[in-house]
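> Next input, structure requested:
(2 chains)
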Amino acid sequence: MTVYLINAFIYLCAAVITVPLAKRLGLGSVLGYLIAGVVIGPVTGLVGSETVTLQHFAEFGVVMMLFLVGLELEPRMLWSMRNRLLGLGGLQVGLTSAIFAGAALLFGLQWQIAVAIGLLLSLSSTAIVLQTFSERGLSGTPGGRSAFSVLLFQDIAVIPMLALIPLLALPELAAQQGDSQGDGHQEMILVSGLDGWLRALVVLGAIGLVVGAGHFLSRPLFRFVAQAGLREAFTAASLALVIGVAALMTLVGLSPALGTFLAGVVLANSEFRHELEANIEPFKGLLLGLFFITVGAGIDFGVLTSSPGTIIGLTLGVMLVKALVLLGLALLFKVRRSDGWLFTLSLAQAGEFGFVLLSFSLQNHVLPPDLAPVLALVVGLSMFLTPLLFIAYEKLVIPRYVGSDEEREADHIEEQHPIIIAGVGRFGQIINRLLTASNIPTVVLDQDVGQVQNMRATGFTTYYGDVTRPELLHTAGIEQASLLVVAIDEPEAAVILVEEVRREYPHLTIMARAFDRTHCYRLKHAGADYVVIETYHSALAMAAQALRSNGMHPFRVDQLRAAFDETEARGHQDMYAVWQEESEGERSGKSYHDRYRQLHEVMTDIMQSHRDDKHDRSERGWTPPPKGYTDDYEKG
Amino acid sequence: MLDQYKGVLLLFAHPSLDRSEANSELLSASRGIEGVTVVDLYAEYPDYRIDIEREQQRLLDHQVIVFMFPMYWYSTPAILKEWQDLVLEYGFAYGAEGTALQGKDFVCALTAGGAEHAYRAEGYNHFTVRQLLTPIEQTASLTGMRYLPPFALFSSRTAREDQRLQQHVSDWKRVLLALRDQRLDLDRASQLERLNDALDSLIGGAS
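Numbers count the residues shown, from 1 in each chain, chains lettered A, B, ... in the order given. Prediction:
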């Protein structure tokens, strides 16, 4: 137990120290984790052999990441990118594998080994690339999306690769090593004993189960859990979903990452999307960080120092070849200019699935044991160098295109800045209706499952979630939002929410609904830019109707109402100032009440001071000139 | 001519009716007459959101169009200008297809603060009321309406004290009924500076 605690402490400390440092230096968090791994692993030797076991565990971060990626990707979007997915991805994997396999043949390796090497080097690192994309806001660019298509294809391609590798087994290697290889990574595969066609059937059945259950069963289930109102219950349910899907996939011999990706896509349209994201996100972040640390810690400096020239040369060669293939594809698929460079540079490394294929090939006697550490080092180093390529992209590529890209930016601003509406009860609903009717994109959140259901039934996209959680606002995209409307039912929670959001996002515009005057002042004090008391305008509308039915001319009613509104607003300012000066205890005190009475007196004055010829501008209406005003002209 | 009989549409504009002396009287005198539709524009559209379709339908439904208003800065109050800008659309009131108003009759009934002698070349307003309303006259011309000279009350701020208001209001009622019944000699009337002049000779007996 103590050993685990100490190890955990070492890993966490290394991350806590190096990651913020790396971010501050502009290197990105991935490089930070990698460096942390190198420091605690090969450099200081604080951690040892358990990193390998830990890495298998941390690979689950990749699984979670693909689930989150799937959540962001509606089926419609996936379908629309099918050409890039098959074209770009297929060609990248095919060409790169062929070139590396060819090179390996030239080095005099057996063709089986050459194919395995080609396959494992063709893959790129989904974890590093997607993490860096989202950190640097590159996911939405054409280059970023093309890269994503390739990564997705690679993740899918891993499955047939895993099926292919055992067929490449070299009998002489198997004889050499005996069958003692099992390193604890041996998967329990349910279907291994079945015939080919039966196996296919089970696999298809499992996929069908994920899609069907995701579509029909998940909603009632999540609704049931959400109604309990226990935050941790929902977190448990989210984790159960991801882990369950991953388990099912490994049981039938599919990639868990692909399975959870599929589950994510199925749930992308669901009202629980943002809440799921908010729950899984922290786990993903931690596991992925751990994964990068283990990659860093796993770098075998012994091999590196024994033949540094070969290893570094191989690594750079691999990256160069990958980059050239990608550059060619970028030209072929018209991914131009800075986007083409992003595509080329971001994917020019080998990836974590390379490790998986490596150990799988080793188990299946495809690769000789002396070659494996070299390959592992090449894969690891290329991943290590990737953040540098991103930095090169930012420092060398972007400046070249800054001027010329600007005009192009204008016509593909697809990323609109949505308005987030927190709370969609009686009040938020009206706001959402006007905004959506005006074609303004909104992200609507509510923590009442029934309310979310109602809204969805009437055709408004609404998500379930507790908006007072910062993670939920994050997954709802508050960083990109132009405005937050706070219309939740709990006055206290609203004040706290405004306070928190104001602290985190000083430049975001916040509007809030108040229940009464004091609540209004508290919201303003908390940092809301615009506050309206929920009953004010409706009461004013009814008062105006009362004046009209009493026989007053509608135009005059409108003017009086406007005059009232303006006076009230001015009075509000004064009252707020008084409120701010006074401490909590004095607020009910004399001067506040005095102010209130004063305000009403001023109001009455203004409303009645218009009679006859008295010129008064408070109501901003037309007033006739005095009788006999024409005399002034006649005399002249 | 009789099959064209559709009555009078009176568009009234006064932004402070509760302070009005002359226009409020003229307005009440015009209400409740069969064949005369009175629209208080400021009451119907206090926020200036004029319902264009509805106003155009009203125009189609009537033969005579009347603007009734106090003259502000030698023109109509704001909402009446807004009404013209929005309702007299291309394709409805003007343009090749815009023939909806062809053949209708148009008249302004207005009140002016200055005395009659001020609205002359030698007076301090330098122009007659009819001259000042030239833009409206041209609007009527372009839309194919027959333009009648304005029915105007001068020195309106003191009309009540000077006992002129009663006479003016009853004159207006005579004009309104004659317009409705098409008893007004339109050809002769259109030559005048002001419709108030020579009412007796303009209005024929009951037809």
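> residue ranges with poor pLDDT in the stretch 301-450 of chain A?
The model of the stretch 301-450 of chain A has pLDDT under 70 over residues A:402-416.
> Provide a list of residues in contact with the most centrally placed residue in chain A.
With distances taken as C-alpha atoms, centre = their mean, A:Thr475 lies nearest the centre of chain A, 5.2 Å away. With C-beta atoms under 8 Å, 6 or more residues apart in numbering or on different chains as the criterion, the residues that contact A:Thr475 are A:His274, A:Glu277, A:Ala278, A:Glu281. (C-beta placed from N, C-alpha, C; glycine too.)
> how about the residues of chain B near chain A?
Contact residues (C-beta under 8 Å from any C-beta of the partner chain) of chain B with chain A: B:15-20, B:40, B:42-44, B:46-47, B:72, B:77, B:113-115, B:118, B:124, B:155, B:157-158, B:161.
> Which residue, other than its chain neighbours, is closest to A:Val19?
If you skip the residues right next to it in sequence, A:Val19 has A:Gly32 as its closest partner in space, 3.8 Å away by C-beta to C-beta, 6 or more residues apart in numbering or on different chains.
> picking up where we left off before, and the residue lying closest to the residue nearest to the centre of chain A once chain neighbours are set aside, how many neighbours?
In space, and not counting its chain neighbours, A:Thr475 is closest to A:Glu277: 3.7 Å by C-beta to C-beta, 6+ apart. When neighbours are defined as other C-beta atoms under 10 Å in any protein chain shown, A:Glu277 has 24 of them.
> Assess the claim that A:Glu277 and A:Val69 are in contact.
No: applying C-beta atoms under 8 Å as the test, A:Glu277 and A:Val69 come out as separate, 10.6 Å apart.
> and residue 110, what is it in contact with?
As the question left the chain open, I've gone with chain A. The contact partners of A:Gln110, by C-beta under 8 Å, 6+ apart, come to A:Leu170.
> My question was about chain B, not that one.
Here B:Leu110 is in contact with B:Phe67, B:Met68, B:Phe69, B:Pro70, B:Met71, B:Val129, B:Pro150, B:Phe151, B:Ala152, B:Leu153 (criterion: C-beta under 8 Å, 6+ apart).
> now the fourth one: how far from A:Ile280?
Just to be clear, that refers to B:Pro70. When distance is defined by C-beta to C-beta, to the nearest Å, B:Pro70 is 70 Å away from A:Ile280.
> Could I get the full set of strands for the stretch 351-500 of chain A?
Along the stretch 351-500 of chain A, counting by DSSP state E, counting those that start in this stretch, strands occupy A:419-422, A:442-446, A:462-464, A:483-486.
> Touching stretch A:3-13 from outside, list them.
Counting contacts by C-beta under 8 Å, 6+ apart, the residues outside stretch A:3-13 that touch it are A:Ala36, A:Ile40, A:Leu46, A:Val47, A:Glu50, A:Leu290, A:Ile293.
> Endpoints of stretch B:81-94, how far apart?
This stretch, stretch B:81-94, spans 17 Å end to end (C-alpha to C-alpha, to the nearest Å).
> residues of the helix-or-strand element of chain B with minimal mean pLDDT that come out buried?
For chain B, scoring each helix and strand by mean pLDDT, DSSP states H and E identifies helix B:199-202 as the least confident one, at a mean of 85. If you call a residue buried by 16 or more other C-beta atoms under 10 Å in any protein chain shown, then helix B:199-202 has these buried ones: B:Leu202.
> Then stretch A:149-162?
Of all the residues in stretch A:149-162, those buried under the rule 16+ other C-beta under 10 Å are A:149-159, A:161-162.
> Equivalent analysis for stretch A:53-68, please.
Those would be A:54-56, A:58-68, for stretch A:53-68 by 16+ other C-beta under 10 Å.
> what's the following helix or strand after the helix or strand harbouring A:Trp197?
Using DSSP states H and E, A:Trp197 sits in helix A:196-212. Following the chain from helix A:196-212 toward its C-terminal end, the next helix or strand by DSSP H and E is helix A:218-227.
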